[in-house]
Every structure is written in structure tokens, then in C-alpha cells.
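Asker: Next come a sequence and a model predicted from it.
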Amino acid sequence: MNTSPVTGKTETISAAQAIVECLKIEGISNVFCVPGESYLPVLDALYDEDTIRVISARHESGAAFMAEGYAKSSLKPGVVLATRGVGAANLSIGVHTAYQDSTPMVVFLGQVHSKFRGREGFQEVDLDRFFGHIAKWTVEVKDPERMPELVQRALRIAQSGRPGPVVVSLPEDVLPAKAEMHFGPALMKPKPKPSLQEMNNVEAILSTADKPLIIAGGGVKSSQAEQALIAFAEKFSIPVMAAFRRHDCFPNDHPLYAGHLGLGTNQKLLQTVREADVVLALGTRLSEVTTQDYKIITPDKKLIHVDIDHDSIGKVYAPNVGIVADLQETLQVLSEMEVQCPWLSWAGERRDDYEDVSRLDLSHNDVINKHIVAMVAKRLPDHALLTNDAGNFAGWLHAFYRFNKKHTYVGPTSGAMGYGMPAALGAKLAFPDKPVVSFSGDGGFMMTFQELETAVRCNIPIISLVFNNQMYGTIRMHQEMHYPEKVIGTDLGNVSFKDMAESVGADGYQVSTAEAFEQALDQALENKKPCVIEILTAKEQISVSSTITQIRDRAKGK
């Protein structure tokens, strides 16, 4: 086989080899999988390709989360492979996460032999239909000679427009078949610009503003528009808020940063949106969480919505100006506007409120969670990358940690449990020189704990913080809100995550004080090995703002 990544060529190879050639052309260097007999020819082709590393995971959901975390960090497609219906079902949570998070991903799934289709063959599932609702595109490759065409199309769709996951179904009889294969060039992503009329419309609206606000989303990161956003915000002195779990799209230490729109956001920060009269939604789909159940952007506000995806414009709110364009190009064009800025005091007030509620002033009365965030902020360099799982423990991270550099945060806007640690593995592979730390609760961590062995086996040194309060804390909180004291299904047993870590060859620590955590973190940073720091926390302090007792009292009307 000719392994040169030259494009526009033709050669006779197997369909499986053609898949690997397409990945090479696109510059893919890591793929994630759980091996399966239905796609053995692809694994064999990868064995012969030394430019692509294969990370074999313990579970397909872990593999998918690794690929998603890698893609979010590297801005290259995350590639994951699994077998037939059972492997596909296991990794579907990762596909859903990539879909809601707008993350480029290509999923290759072995499929039963073409002659067995429709007979309920072994592990048979109609994969393209199964994923149709949660993938950007699905396809089954039935002709070997079309493999390059369809795989390169999958890679293009995954990365173009609003990025997302694409699922490619591979019947096992197609993969070993040889044919004359034709390969096209690597993707050059389209970067459309706003029209002159659109720029004039934005200028007209902004000229009427007294309290403008930017809500910046994942499109800033996928367009690599972080610097352009800083320049735009500075030119017009407009405060910037980050959409849900997009903290690092704008430096949190910047005088124009006004906070994060997430779960449990402080009311002072929400007041910024309530008072705004013009909202510039940049690269955000204005999700349920960002908009606080679709309530905070009210009809009295003028909305300027910019997104690379035409379906996102007007999907939730009809904009006064809707622009379908690349965000970096848009910000450069809009920076040419001539607008007076009478809102300087407004921008300063919004920053003051953010400083007030996010300050990490500590006292002995503060719960250990806040001390942990303070210690992480103190010990880690600015370029360190943090990931988080789903759960209330993340509230302290979101409220108090400041992400001051780009590419320093990876989190699931889908709220998928089990995400944090596997995503950290993917992020570490994307940025091997960055310290990478994951935040998880005991419930979520246990769902994908087995991938810690993957970290050990593949020598991927991450630090996993596990907040152990022996319960599904977020669900317990909602139980207490709606059915106080009627606790069912949310209590968990006693697990030593320290011992579990050590059992797979990772370093393990168990701490219950800030001082002990500081020592463990320093040791973990020095050792540079896969590591778990288990943090014992109390059930009572169930969220940043409330205890269980306080929630019960409110529910009972006390």
C-alpha cells in the first residue's frame, strides 16, 4: 500500500485501508476504540500505519468521551471505532454529547455482513437510522469503491458549518474488498463573511444601545476567534458573558468579562442579562441552560445573532439581525463599524458584580469544595486544562475558578455523567505539555472509572479529583426541592477511590482537609502519573448556595 498522504491520487487497496488513508489525509493522529471482530480489517490497516495512534478503551462510552474531549481540545475530528449494535449503543452517549456540544466527531461502526441484513443477525441494528436523530449525518457504505468518497464527506461534514458527529456504518464484507480508490484533498473549511448590509444593520442597532452585552459560545472556540473577540469587545467596550460551559472563550481576568451563564448562576450575574438592551449572541445556540430555561432574553431586547449554522439562527429567538457566517471573519468585519460607546460605566458595573460574587476569599466556614478550587487555582499554571463531569460539585468550579487562557476548559454542555475523566485523557493527548485535571463526583466517576486503567496502560498522566459524598447529589437536591425528606435511589455505598486507583496502577490519595489536598496535589503534579485524589465531602452542603436543610425548609414553606 502506498502510504503517502498525497491527495488527488488513485490506487487499488482495500476499503479498510482506504479509511486509514482518508484519516491520514485529514491529519488525524489519534483514534479511540473498543476492538471488535466486525471491523478487524480496519484495525489491521491501522496496525500498518505508524502515524496514527490507537487508544483501546475499556468501554465504548469511555472511548467516545475520549474522542470528544480530544476533538474539543485539538479542534480536529475525534475518531472512534466500535462494533455493531452493542458497541454502537454503548457509545451513543458520546455521540449525543458531541451533537449538543457541536464537537467534530467521526464514528466508524462495524456492521453485520450484507447478506445477513434484515434477518436480525448477530448484534444487528440499523445503525444509520439508530443515530439519525443525534448525529449530523449518518451513512452506510455498501460499495467498497465509494469508501474514500463517503469517508472524506463524513470528515468534511463533521468539521464544516456547525461541527458535529457523523456515523459511518461498515458492513464487514465491504471492508476487506479491494477496489480502485480515488482520494480528494484535505478539507478547507468555508469561512463566509457578513455582507455590507448586515454590518450596517448591526451598526444601526448598536448605535441605539445603552447597555449592550455579548454572549459568547462555542463558535468562538471552533472558529479560533478568541483574539478577534477580545479586540472587538475592547474596541466597543462591551461586556462579555460566556455561554454554558464555554468559560475559556474569553479571558476571565479581562476587565470586560462579566461571568458565566450556567446552572445556578448567581443572581447578580443574571441581572447583567436582564438589564441589557442589546444582546450580541456570538457562536452560541442560546441553549436552555445559557438562557435560564429560555426566559432571560426577553422581547424588549434587540438581538443580534451570529452563527455558522443557519438552522441555529432563529431556532429559539427571532433575531433583529441574523448573520450566518464564520465568527472570526464576522468580528473582523464588524470591527470596522463606527459606533459611539456611551456605556463605559455599564461595562465597569457588570465587571464589579462579577468580581464581587466570584472572589475566592476563604474562611474556615467555607466548605472543602471551595478550598479545593482555590488550591487548584493557586497551584496550576494559567495554561493548565480542566475538565469536569456532570454534577453539583462542578458548581464551585464554575463559580470561582478563572479561566484566563484559551484551550483551558473542556466540559459537557449535554450534562453527560462519566464524561470528565475520559475527556481529560483525550485533552491530554491533544495537549501533552499541559497539566490536565478532571473534576468528578463519585456517581459520575464510577460510571467510567475503568478508563483509569487506559490512562495507566497508555501512559496518559492526568489528575482526577473525585468529590465523594456517597450520593447522586444533583438528583438528591431536586428530590429535596420537590419531595423533601423522601429520599429514594440517590444514596450510594462506601467506595474507596484511592484503593481502586491503586488497584489499576495509578497513584491514589484520600483527603478530607484542604491541607491534605494541597500535599496530595503537589505530589501528583511532581509524579506526572495517572492519579486520583479522592476528596471526602459532606452530604449537607449539597450546592454552592444551599444546604439540604435550607432546601427542605424552603420546600416546606418555613
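Answerer: Now that the structure is in, tell me what you want to look at. Residues are numbered from 1 along each chain as shown.
Asker: By residue count, what's the longest helix in this structure?
Answerer: Taking DSSP state H as the criterion, the chain has its longest helix at helix 84-100.
Asker: same for that helix, what does it pack against?
Answerer: In terms of contacts (3 or more CB pairs under 8 Å, 6 or more residues apart in numbering; DSSP states H and E), helix 84-100 is packed against helix 60-74, strand 78-83, strand 105-111, helix 127-130, strand 165-171. Placement of C-beta: from N, CA and C, glycine included.
Asker: got the angle for that helix vs helix 60-74?
Answerer: 30 degrees (axes from the mean of the first three to the mean of the last three CA atoms, to 10 degrees).
Asker: Go through helix 84-100 and flag the buried ones.
Answerer: 84-85, 87-100 (16 or more other CB atoms under 10 Å).
Asker: Next: stretch 255-267.
Answerer: Leu256, Tyr257, Ala258, Gly259, His260, Leu261, Gly262, Leu263, Thr265, Asn266.
Asker: Can you add pLDDT, secondary structure and distance to Gln523 and give the residues you listed back as JSON lines?
Answerer: Shown next, in JSON lines, are those (pLDDT from 0 to 100; DSSP: H, G, I helix; E, B strand; the rest coil; distance: CB to CB, whole Å):
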{"residue": "Leu256", "pLDDT": "98", "secondary structure": "coil", "distance to Gln523": "38"}
{"residue": "Tyr257", "pLDDT": "97", "secondary structure": "strand", "distance to Gln523": "33"}
{"residue": "Ala258", "pLDDT": "97", "secondary structure": "strand", "distance to Gln523": "37"}
{"residue": "Gly259", "pLDDT": "96", "secondary structure": "strand", "distance to Gln523": "34"}
{"residue": "His260", "pLDDT": "96", "secondary structure": "strand", "distance to Gln523": "31"}
{"residue": "Leu261", "pLDDT": "96", "secondary structure": "coil", "distance to Gln523": "36"}
{"residue": "Gly262", "pLDDT": "93", "secondary structure": "coil", "distance to Gln523": "31"}
{"residue": "Leu263", "pLDDT": "91", "secondary structure": "coil", "distance to Gln523": "32"}
{"residue": "Thr265", "pLDDT": "92", "secondary structure": "coil", "distance to Gln523": "35"}
{"residue": "Asn266", "pLDDT": "92", "secondary structure": "coil", "distance to Gln523": "34"}
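Asker: tell me the two of the residues you listed that are most distant?
Answerer: Across the buried residues of stretch 255-267, no pair lies farther apart than Leu256 and Leu263, at 23.5 Å, counting by CB to CB.
Asker: what's the closest of the helices and strands packed on helix 84-100 to Ile460?
Answerer: Nearest of the helices and strands packed on helix 84-100 (CB to CB): helix 60-74, 9.2 Å.
Asker: pLDDT below threshold where in the stretch 1-150 of the chain?
Answerer: Scanning the stretch 1-150 of the chain for pLDDT under 70 picks out the ranges 1-7, 122, 124.
Asker: Tell me how the chain divides into domains.
Answerer: Under the assignment automatic domain parsing, the domains of the chain span 10-182, 196-357, 360-555.
Asker: mind checking which of the ones you listed is nearest Pro190?
Answerer: domain 10-182 (6.3 Å).
Asker: follow-up on the earlier one: any chance of TSV for the helices and strands packed on helix 84-100, columns mean neighbour count?
Answerer: What follows is the helices and strands packed on helix 84-100, written out as TSV (neighbours: other CB atoms under 10 Å):
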stretch	mean neighbour count
helix 60-74	31
strand 78-83	29
strand 105-111	29
helix 127-130	18
strand 165-171	27
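Asker: re the thing from before, so which of the domains of the chain is the most packed in?
Answerer: domain 10-182 (a mean of 22; mean count of other CB atoms under 10 Å).
Asker: if we can go back for a sec, could you tell me the angle between the longest helix of the chain and strand 78-83?
Answerer: Going by the same axes, to 10 degrees, helix 84-100 makes 160 degrees with strand 78-83.
Asker: thinking again about what came up before, want to throw the helices and strands packed on helix 84-100 into TSV with distance to Ala225?
Answerer: As requested, these are arranged in TSV below (distance: least, CB to CB, whole Å):
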stretch	distance to Ala225
helix 60-74	16
strand 78-83	21
strand 105-111	21
helix 127-130	33
strand 165-171	22
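Asker: Alpha carbons of the helix or strand where Ser440 lies, in CSV - could you do that?
Answerer: Ser440 is located in strand 436-441, with elements delineated by DSSP states H and E. C-alpha atoms of strand 436-441 as CSV (Å, rounded to 0.1, in the frame of the first residue of the first chain):
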residue,chain,number,x,y,z
VAL,A,436,-4.8,18.2,32.8
VAL,A,437,-7.1,17.9,35.8
SER,A,438,-10.6,16.4,35.8
PHE,A,439,-13.3,17.1,38.3
SER,A,440,-15.9,14.4,39.0
GLY,A,441,-18.4,13.3,41.6
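Asker: tell me the angle of it relative to helix 60-74?
Answerer: Interaxial angle, strand 436-441 versus helix 60-74 (the same axes, to 10 degrees): 130 degrees.
Asker: Check which helices and strands strand 436-441 sits against.
Answerer: strand 385-388, helix 420-430, strand 463-468.
Asker: export the helix or strand following the shortest one as CSV, just CAs?
Answerer: Counting by DSSP H and E, the next helix or strand C-terminal to strand 385-388 is helix 394-400. The C-alpha atoms that make up helix 394-400 are tabulated as CSV, following Å, rounded to 0.1, in the frame of the first residue of the first chain:
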residue,chain,number,x,y,z
ALA,A,394,-18.9,21.5,39.4
GLY,A,395,-20.8,24.5,40.7
TRP,A,396,-17.8,25.6,42.8
LEU,A,397,-15.5,25.2,39.8
HIS,A,398,-17.9,27.3,37.6
ALA,A,399,-18.4,29.9,40.2
PHE,A,400,-14.9,30.6,41.4
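Asker: roughly how far out does helix 394-400 sit from the chain middle?
Answerer: 16 Å (CA atoms, centre = their mean, to the nearest Å).
Asker: Can you name the residues in contact with that helix?
Answerer: Residues from elsewhere that reach helix 394-400 (CB atoms under 8 Å, 6 or more residues apart in numbering): 245, 247, 260, 262-264, 266, 357-358, 360, 369-370, 372-374, 377, 386, 388, 411, 439, 543-544.
Asker: circling back to that earlier point, determine which two of the buried residues of helix 84-100 are furthest apart.
Answerer: Arg84 and Gln100 (24.9 Å).
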